[in-house]
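In: quick one: sequence and predicted model below, then my questions.
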Amino acid sequence: MPAVIGAVEPDRLPDAIGEIQLLPRRGVFDVRSRDDRRTLSETRQRDRARLKGPTRVAECARHWERDRRGPDRLLRGSERVAAEQWRDAAPRHAPPPDAAALDLMHASCQAESAPVPGQADGRAAAWDVAAGVASAVAGMS
């Protein structure tokens, strides 16, 4: 988690730093301040995964954008689930994910739930199997 130790214009920060929340939200972190040190310690201990989530998702979104939103960069399986859990568990005061991260999560979800060409929809296939079994059983009696 980046700590602001000197006055800086937000638009002059590198993307890797500017896209995640700074501590403190306003002003400058003062290492001599017991309150600032306590806030930093509590924030780091409270939820390490929550602190890493925006960085990980933003990094994936940057790679996806750089590769012209190619399907090879979509989130899959547990990585997609983790990103969605991070998004859904955000505290009310937390900044929302940026547009690229939201687009990546949405595209990843759509791609994972899309039917595979040449394969039947899972529910339709299950009904076909059930109908075949029922027909075979009926023919045996």
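Out: That came in fine, so what should we check first?
In: can you give me the pLDDT of Ser141?
Out: For Ser141, the model assigns a pLDDT of 53.
In: run a quick neighbour tally on Arg69.
Out: Residues near Arg69, counting by other CB atoms under 10 Å, number 14. Glycine gets a C-beta too; all of them are placed from N, C-alpha and C.
In: how does the chain divide into domains?
Out: Split into domains by automatic domain parsing, the chain comes to 1-46, 49-140.
In: which residues of the chain fall in helices?
Out: For the chain, the helices defined by DSSP state H occupy 15-18, 34-46, 48-66, 77-88, 99-113, 122-140.
In: now the fourth one and helix 99-113, what's the angle there?
Out: Between the axes of helix 77-88 and helix 99-113, defined by axes from the mean of the first three to the mean of the last three CA atoms, to 10 degrees, the angle is 140 degrees.
In: so which bits of helix 77-88 are buried?
Out: Across helix 77-88, burial judged by 16 or more other CB atoms under 10 Å covers 80, 83-84, 86-87.
In: excluding chain neighbours, what is closest to Asp103?
Out: Ala61 (7.3 Å; CB to CB, 6 or more residues apart in numbering).
In: pull the number of nearby residues for Gly27.
Out: Neighbours of Gly27 using other CB under 10 Å come to 9.
In: from memory it sits against Ala3, does it?
Out: No. Judged on CB atoms under 8 Å, Gly27 makes no contact with Ala3 at a distance of 11.0 Å.
In: tell me where the model's unsure across the chain.
Out: Scanning the chain for pLDDT under 70 picks out 1-2, 15-25, 47, 49-51, 93, 116-141.
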